[in-house]
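Engineer: This is a predicted model, with the sequence first.
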Amino acid sequence: MALKQTLTILDVLDHPKVNGEKVIQLFERYDGVEAFYQTVQGEQGATDFVKIVIPGTEGKLNHGHAPSLGIIGQLGGIGARPERSGFVSDGDGAVAPIAVALKLAEMKDRGDVLAGDVYITTHICPSAPTEPYESVEFMSSPVDVFTMNQYEVLEEMDAIISIDTTKGNKVMNHRGIAISPTVKRGYVLKFADDLIRIKEMTTGELPVTIAVTTLDMTPYGNHVYHINSILQSAVATSAPVVGLAITTKSVVPSSGTGANHEIDIAQAARFSIEVAKEFGRGTAKFYNENEFKRLNKLYGSMTHLQTLGVTTNE
C-alpha cells in the first residue's frame, strides 16, 4: 500500500515555494533514515537534489553483503512557473520515488526492515523551464543531464529503477506503468523475468512493457532522438538499469497541469517497494550475469554508447 504516501508527497510538492528542505523535513522523525538535499545552480535557474537512504538489516551500511537498490526519479521539474500554475505531469517522476522513501521509512519505524540498503534520489524544481519537442511541449531543467547523473546516480547502487513520466509520445497506449528491458553498459538485455513477475503481482494485470532503442540509452546532447530521459542514468553507471514509465493512453505534455493520476503514481511506488524487498534478499535479479558475460565475449564492449561518441565537424 502506497497511496497514502503518494497523496502526502503530492500535497507537499504541489506548492510554488517547495524545496529540498521541505522534503527532507518529512523524514526527520524516522530514526536510522538519512535524508539530505543540496541546491545546485544551473544556467536556467536552480534545483534541489534530494537523497534519502534507508539502511537494511543486512546491507553494506550495516557491514552486510545484501545488494543495494537505487531508485531514481527522472524529471525536468515539478512546476513550470511562471508560465504555468500548479503541478505538472513531469512531476510524477519526483513523487513516486519520494513516496517509496516515505513508505520504507514508515515500514522501518514499525519493524519491517528490508535486507538491503535502498538509495532514493531525485530533484525538486517548482520553476523549471520548458522547451518545444517533436510531439508536445516538454519540461526542461535548470541543470543538464550530466549534472543530474552526478547527484542522482550513486556508486553504492548495485541496480537501478529509473522512474520517469512517459506520456508525451504516440508509442504507448496504456494508462498505468510499464517497464523497459534491462540496460547495462550499452547493452539492451532481455526483460527481467523477476521484475515482470513482480509487476504482474502488484498491478494484477498482464505485464505491460515499453520498448527502447539504442538512441534512448545514449547521452542527451548527441542530437539524436530520445523518447525521454528514462534511461539517462544508464550512461553513468555499470549497474543494470530498468526504466519504470508512468504512462497514459493519450499524448500528454510533460508540462501539462492537472494530468497527475494518483493511482498510477502509487502503482509505480508499490512496484518499486516490492522490487526493493526482493532485490535485497536475493530473490529478484535484473539480468542474467552469465549471459551478459557471454555477450561481451562474443561481441565486445558496448560502453562507447554511454558516451557522446565520436566528435566531428559536421
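Structural biologist: Cool, got the structure. Everything numeric in this text was worked out from a predicted model, so none of it was measured. Numbering: from 1, shown residues only.
Engineer: use CA for all of it now, contacts and neighbours both
Structural biologist: Noted.
Engineer: hang on, residue 182 in a helix?
Structural biologist: No - read with DSSP: H, G, I helix; E, B strand; the rest coil, residue 182 is strand and lies in no helix.
Engineer: Just to check, it is in contact with residue 193?
Structural biologist: No - using CA atoms under 8 Å, residue 182 is not in contact with residue 193; the gap is 10.4 Å.
Engineer: So if I had to pick from the two, which one is more boxed in?
Structural biologist: Ranked by neighbour count (other CA atoms under 10 Å), residue 182 and residue 193 place residue 182 first, with 25 against 15.
Engineer: and residue 298, that one's in a helix?
Structural biologist: Yes - under three-state DSSP, residue 298 sits within a helix.
Engineer: Now for it, how many residues are close by?
Structural biologist: Around residue 298 there are 9 residues (other CA under 10 Å).
Engineer: Walk me through the regions of the stretch 1-150 of the chain where pLDDT falls short of the threshold, as ranges.
Structural biologist: 133-137 (pLDDT under 70).
Engineer: try 80 this time
Structural biologist: By pLDDT under 80, the weakly predicted segments of the stretch 1-150 of the chain are 132-138.
Engineer: And the helices in it?
Structural biologist: Ranges of helices in the stretch 1-150 of the chain, per DSSP state H, counting those that start in this stretch, are 3-13, 20-25, 92-110, 145-152.
Engineer: Any buried residues in the last one, and which?
Structural biologist: By neighbour count, with 16 or more other CA atoms under 10 Å as the criterion, the buried positions of helix 145-152 are 145-146, 148-149, 151-152.
Engineer: Then the first one?
Structural biologist: Judged by neighbour count using 16+ other CA under 10 Å, the buried positions of helix 3-13 are 3, 5-7, 9-10, 13.
Engineer: And the furthest pair within those?
Structural biologist: Farthest pair in those (CA to CA) is 3 and 13. Separation: 15.3 Å.
Engineer: now residue 57, nearest residue through space, not along the chain?
Structural biologist: Excluding the flanking residues, the one nearest residue 57 by CA to CA, 6 or more residues apart in numbering is residue 115, at 4.9 Å.
Engineer: Can you report how many residues lie near that neighbour?
Structural biologist: So residue 115, with other CA under 10 Å, has 24 neighbours.
Engineer: measure it to residue 283 for me?
Structural biologist: Here the distance between residue 115 and residue 283 works out to 11 Å (CA to CA, to the nearest Å).
Engineer: all strands for the stretch 101-250 of the chain, in order.
Structural biologist: Secondary structure of the stretch 101-250 of the chain by DSSP state E, counting those that start in this stretch: the strands cover 118-124, 130-131, 138-139, 159-165, 176-184, 187-188, 241-247.
Engineer: partner strands of the fourth one, parallel or antiparallel?
Structural biologist: Meaning strand 159-165. strand 69-74 (parallel), strand 241-247 (parallel) (DSSP bridges).
Engineer: Turn these into a markdown table, including distance to residue 210 and mean neighbour count.
Structural biologist: What follows is the strands paired with strand 159-165, written out as a markdown table (distance: least, CA to CA, whole Å; neighbours: other CA atoms under 10 Å):
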| stretch | distance to residue 210 | mean neighbour count |
| --- | --- | --- |
| strand 69-74 | 16 | 29 |
| strand 241-247 | 8 | 28 |
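Engineer: Those strands into a markdown table, with extra columns for distance to residue 52?
Structural biologist: Formatted as a markdown table, these follow (distance: least, CA to CA, whole Å):
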| stretch | distance to residue 52 |
| --- | --- |
| strand 69-74 | 10 |
| strand 241-247 | 19 |
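Engineer: Export the strands of the stretch 101-250 of the chain to TSV and append columns for distance to residue 70.
Structural biologist: Formatted as TSV, those follow (distance: least, CA to CA, whole Å):
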stretch	distance to residue 70
strand 118-124	5
strand 130-131	27
strand 138-139	24
strand 159-165	5
strand 176-184	14
strand 187-188	19
strand 241-247	9
